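Student: I'd like to go over a predicted model; first the sequence, then the structure.
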Amino acid sequence: MAIPIGFFGLFFGYPVAAITARGLHTGGAWHFDRIGEVLSDPDVLHVLWFTVWQAAASTALTLALALPGAYVFARFEFPGKQILRAVVTVPFVLPTVVAGSAFLALLGRGGLLDDLWGFRLDTTVWAILLAHVFFNYAVVVRTVGGLWAQLDPRQEEAARVLGAGRFSAWRMVTLPALGPAVAGAALMVFLFTFTSFGAIQILGGPRYATLEVEIYRQTAQLLDLPTAAVLTLTQFVAVALLLVVHAWTVRRRESTLRLVDASQTAHRPRGVGQWGLLASVLAVIALLILLPLAVLVERSFSGPDGYGLAFYEVLASAEESGGTFVVAPLDALWNSLRYAAVATLIALLVGGLAAAALTVRGPRGAEPSHAGRLVRSFDALLMLPLGTSAVTVGFGFLITLDEPPLDLRASWFLIPLAQALVGVPFVVRTMLPVLRSVDDRLREAATVLGASPLRVWREVDLPMMRRALLIAAGFAFAVSLGEFGATVFIARPDNPTLPVAVARFLGRAGELNYGQAMALSTILMVVCATALLALERLRTNRSGEF
């Protein structure tokens, strides 16, 4: 636990605490009265209300649209299922600015709906809600569907034999078993939408702002650190409470269910009802996920002189790209790949050690109470970066890591460190179930036969976790590639990343800038989709929550 705790303490806890303290500690004294002043401001209350409201609405809409998809992926076998599972996950690992770009190309000014019917939804709450469903659909499908596929269908069949109707059997047998998974997925969706930044920044316009957007505005535009500090603390407390509840649902899901091999539960659709359900889920995926991505690609090829590679060609030159960068925009691709590769190595080291620490437990998973509390606290700490303001982390990097022995503000290594913070939770959640499934008696037998601890790990643990390790690396790489909130603060103009480049192009008027944003978004989408398709070939049914 020492290395993960040290990593999070130095590169997460310290920057967040420093930026918060700088806002509340001025003139040699603490000003906690500022908390009451900020939280009683009508404008701030409006932001808080909208943040909670849109997160709740996004969560409800995501569950309504994605739960049928979770059932279809869990119980049905159909051609192209593996590819389609990867496709629905692409939005989740895309940067939120790219998700915003896709819906801007579909719903915004000059978008598909505007061209066809003169109808647009950008700068409305509906664009935000749909973008959040687009982004989080895979969370529900993978979290709930992964468990649903392993529930024994004979339990529900037994209830029907005893006289229960189809709906009653599902309500009394399957739903209670799925409850923790549904609650866990809902909490994760609420967490991601509660801290939403990129999509709202692009689609919401000036009327709508979440806590994350308001923290960015107070920090970067108004330089009002006290207000930003109070909002950061508010967000931190809310996220911590959500993570405590999420950890409880995960423990219930892991400890109370008897699961079967998922390959035994899936079958081809039978009857009109099941084929109709499959068709409706495919229609939702086509309209909600495939259409925005397809429009994004179409807009990247739609140049001033018709379809072609005009927007892609200017990406190779800084002079022809409109002067947004001092280097060629295409350099952002190589920067992103390099940063993401380093961030993946860091995330694997830190996340692998953390997952190993979390697997230490007594017989049958029983833990002493003090050890259990320690493990639960450690697990929650690892998830905090997913819900803490990335804007705060990025700005905290700038004001804390600027003096020896950690003078990293001018170093390229600062970006992989920020990206690794969001990669570690995915490594842990992917590797933890696999590590927990390794029988301790195998390790003990190897030790009795004279193997050193290193050899035991190499010859017992590593072969069993190799596949999960590759999957964890792929997810860490994909999410590092798309990190935006912190990177936007620390990426230098001569070394931009792809998400930062997309946001800067979208922030400038003109067809050329818009087209280049679409082209870069398409490139990033293709890279992420390629990584996910490779992961699907490696994935097993028990390779973690994601």
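Tutor: Perfect, I can see it now.
Student: in the chain, which ranges drop under the pLDDT threshold?
Tutor: Within the chain, the stretches with pLDDT under 70 are 27, 205-206, 246-264, 318-326, 360-377, 387, 535-546.
Student: which elements pack onto the longest helix seen in it?
Tutor: Longest helix of the chain, by residue count under DSSP state H: helix 42-75. Using 3 or more CB pairs under 8 Å, 6 or more residues apart in numbering; DSSP states H and E, the elements in contact with helix 42-75 are helix 33-39, helix 81-93, helix 125-148, helix 175-194, helix 211-216, helix 225-255, helix 271-285. In this view, the C-beta of every residue, glycine as well, is placed from N, C-alpha and C.
Student: swap the cut-off to 6 Å and go again
Tutor: Here helix 42-75 touches helix 125-148, helix 175-194, helix 271-285, going by 3 or more CB pairs under 6 Å, 6 or more residues apart in numbering; DSSP states H and E.
Student: and the angle from the longest one to helix 81-93?
Tutor: Right, helix 125-148. Helix 125-148 runs at 130 degrees relative to helix 81-93, counting by axes from the mean of the first three to the mean of the last three CA atoms, to 10 degrees.
Student: which outside residues touch helix 125-148?
Tutor: Residues from elsewhere that reach helix 125-148 (CB atoms under 6 Å, 6 or more residues apart in numbering): 57-58, 61-62, 65-66, 69-70, 73-74, 88-89, 91-92, 99, 103, 107, 121, 181-182, 184-185, 188-189, 192-193, 199-200, 203-204, 288, 545-546.
Student: doesn't R171 lie inside a helix?
Tutor: Yes. Assessed by DSSP: H, G, I helix; E, B strand; the rest coil, R171 belongs to a helix.
Student: for it, give its distance to G165.
Tutor: Distance of R171 to G165, computed by CB to CB, to the nearest Å: 9 Å.
Student: which one's more surrounded, the two?
Tutor: R171 (13 against 10; other CB atoms under 10 Å).
Student: distance-wise, check that one relative to I202.
Tutor: Applying CB to CB to R171 and I202 gives a distance of 40 Å.
Student: over to I19?
Tutor: 25 Å.
Student: show me what stretch 402-411 is in contact with.
Tutor: 401, 414.
Student: now it - C-alpha only, PDB.
Tutor: Provided in PDB are the C-alpha atoms of stretch 402-411 (Å, rounded to 0.1, in the frame of the first residue of the first chain):
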ATOM      1  CA  ASP A 402       7.000  24.200  -9.200                       C
ATOM      2  CA  GLU A 403       9.800  24.000  -6.600                       C
ATOM      3  CA  PRO A 404      12.700  21.600  -6.100                       C
ATOM      4  CA  PRO A 405      12.800  18.700  -5.500                       C
ATOM      5  CA  LEU A 406       9.500  18.400  -7.500                       C
ATOM      6  CA  ASP A 407       9.900  21.300 -10.000                       C
ATOM      7  CA  LEU A 408       7.800  19.600 -12.700                       C
ATOM      8  CA  ARG A 409       5.800  22.500 -14.100                       C
ATOM      9  CA  ALA A 410       8.000  22.900 -17.200                       C
ATOM     10  CA  SER A 411       8.400  19.100 -17.600                       C
END
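Student: now R120: closest residue in space, sequence neighbours ignored.
Tutor: D114 (4.7 Å; CB to CB, 6 or more residues apart in numbering).
Student: starting at the chain centroid, how far to stretch 94-110?
Tutor: Relative to the centre of its chain, stretch 94-110 is centred 17 Å away, using CA atoms, centre = their mean, to the nearest Å.
Student: then that stretch to CSV, C-alphas only?
Tutor: Output of stretch 94-110 as CSV, limited to C-alpha atoms (Å, rounded to 0.1, in the frame of the first residue of the first chain):
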residue,chain,number,x,y,z
LEU,A,94,-13.6,9.2,-25.5
PRO,A,95,-12.8,12.6,-24.0
THR,A,96,-16.0,14.5,-23.0
VAL,A,97,-15.0,17.2,-25.5
VAL,A,98,-15.1,14.7,-28.3
ALA,A,99,-18.5,13.5,-27.1
GLY,A,100,-19.6,17.1,-27.1
SER,A,101,-18.2,17.5,-30.6
ALA,A,102,-20.2,14.5,-31.8
PHE,A,103,-23.5,15.9,-30.5
LEU,A,104,-22.5,19.4,-31.7
ALA,A,105,-22.2,17.9,-35.2
LEU,A,106,-25.6,16.3,-34.8
LEU,A,107,-27.6,18.8,-32.9
GLY,A,108,-25.8,22.1,-33.2
ARG,A,109,-25.8,25.0,-35.6
GLY,A,110,-25.0,23.6,-39.1
